[in-house]
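Student: Any chance you could fold what I've pasted below:
(chains A and B)
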Amino acid sequence: ELQLVESGGGLVQPGGSLRLSCAASGFTFSSYWMHWVRQDPGKGLVFVSRINGDGSSTNYADSVKGRFSISRDNAKNTLYLQMNSLRAEDTAVYYCARENLKLGRDAFDIWGQGTMVSVSS
Amino acid sequence: DIVMTQTPLSSPVTLGQPASISCRSSQSLVHSDGNTYLSWLHQRPGQPPRLLIYKNSNRFSGVPDRFSGSGAGTDFTLKISRVEAEDVGVYYCMQATQFPRTFGPGTKVEIK
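Tutor: Residues are numbered from 1 along each chain as shown, chains lettered A, B, ... in the order given. Take a look at the predicted model:
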């Protein structure tokens, strides 16, 4: 079964750090661009970061640039998001998603169930 | 960044009746490769989004044929020919023509 499972969310104080993980199964993980997308409580979806198949290319939203770092371990079929200097406005559910270029660069065809990050003192 | 807008933001619909959601982009979504990278996602309460439509009008595997996408340039539409109970939730359009990917604010579909 094609699956993405996130973990690592939780409550953290402003200025703190968290590392999110996204474990992939059922497909050749290294063949796909992967994304992190977040959803503020009760609100819409926002792109956070993306990484190509071999990890050599990464991009970030301006709001997280310099604070967040995306990476992947293809041997472990796992995507990561290292989040530093966290702010209250980073509070959200974080989803990992697969971009299926065989269909199109807009085809986010697999999503994880999400992991909640709460930044509060 | 390309700004995506959707109308309506809320849509009460009657079971068995059609529904339509509009999505507009602040710039043309025609990519230099000739494709239009506009997708539609559906999110049920407490669930992650799921892909419905990609490249403007292509239905994703397993998506019922009552869902269709159309449009061009900056104006796009998602249509549900006959709404079923499982169609409730929030629908988002997303553009991938230009970095960064941006999403519409969502349209909440509920049954009257």
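Student: Enumerate the residues of chain A near chain B.
Tutor: A:35, A:37, A:44-47, A:59, A:61, A:95, A:103-109, A:111-114 (Cβ under 8 Å from any Cβ of the partner chain). (Each C-beta comes from the backbone N, C-alpha and C, glycine too.)
Student: mind redoing it with 7 Å?
Tutor: A:44-47, A:59, A:61, A:95, A:103-109, A:111-114 (Cβ under 7 Å from any Cβ of the partner chain).
Student: List the contacts of the most centrally placed residue in chain A.
Tutor: The centroid of chain A falls nearest to residue A:36 when counting by Cα atoms, centre = their mean (2.7 Å). By Cβ atoms under 7 Å, 6 or more residues apart in numbering or on different chains, the contact list for residue A:36 reads A:48-49, A:70, A:81, A:94, A:96.
Student: can you pick the most crowded of those?
Tutor: Neighbour counts for those (other Cβ atoms under 10 Å in any protein chain shown) peak at residue A:96, which has 30 neighbours.
Student: any idea how far residue A:78 is from the residue nearest to residue A:13 when sequence neighbours are not counted?
Tutor: Counting by Cβ to Cβ, 6 or more residues apart in numbering or on different chains, residue A:13 lies nearest to residue A:121, which is 5.3 Å off, once chain neighbours are set aside. According to Cβ to Cβ, to the nearest Å, residue A:121 and residue A:78 sit 30 Å apart.
Student: more neighbours, these two?
Tutor: Neighbours per residue (other Cβ under 10 Å) separate residue A:121 from residue A:78, with residue A:78 holding more: 18 against 8.
Student: Wait, that one touches residue A:23, no?
Tutor: Yes - at 5.3 Å, residue A:78 and residue A:23 qualify as touching, with contact defined as Cβ atoms under 7 Å.
Student: can you list the weak-confidence ranges in chain B?
Tutor: For chain B, no stretch has pLDDT under 70.
Student: Close to chain A: what parts of it are there?
Tutor: Close to chain A, as judged by Cβ under 7 Å from any Cβ, chain B has residues B:35, B:37-39, B:48-51, B:54-55, B:60, B:92, B:94, B:96, B:99-103, B:105-106.
Student: Which stretches in chain B count as strands?
Tutor: B:4-7, B:10-13, B:19-25, B:38-43, B:50-54, B:58-59, B:67-72, B:75-80, B:89-95, B:102-103, B:107-111 (DSSP state E).
Student: Just send those strands back as a markdown table, with mean neighbour count too.
Tutor: Converted to a markdown table, the strands of chain B look like this (neighbours: other Cβ atoms under 10 Å in any protein chain shown):
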| stretch | mean neighbour count |
| --- | --- |
| strand B:4-7 | 18 |
| strand B:10-13 | 14 |
| strand B:19-25 | 20 |
| strand B:38-43 | 26 |
| strand B:50-54 | 23 |
| strand B:58-59 | 16 |
| strand B:67-72 | 17 |
| strand B:75-80 | 19 |
| strand B:89-95 | 24 |
| strand B:102-103 | 22 |
| strand B:107-111 | 16 |
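Student: Excluding residues flanking it in the chain, which one is nearest residue 74?
Tutor: Reading this off chain A. Using Cβ to Cβ, 6+ apart and skipping the chain neighbours, the partner closest in space to residue A:74 is residue A:30 (4.1 Å).
Student: please go with chain B instead
Tutor: Closest to residue B:74 by Cβ to Cβ, 6+ apart is residue B:25, at 4.8 Å.
Student: What strand or helix carries the closest residue to residue B:39 other than its chain neighbours?
Tutor: Ranked by Cβ to Cβ, 6+ apart and with sequence neighbours excluded, the top spatial neighbour of residue B:39 is residue A:106, at 4.0 Å. According to DSSP states H and E, residue A:106 maps onto no helix or strand at all.
Student: Right, I'll leave it there.
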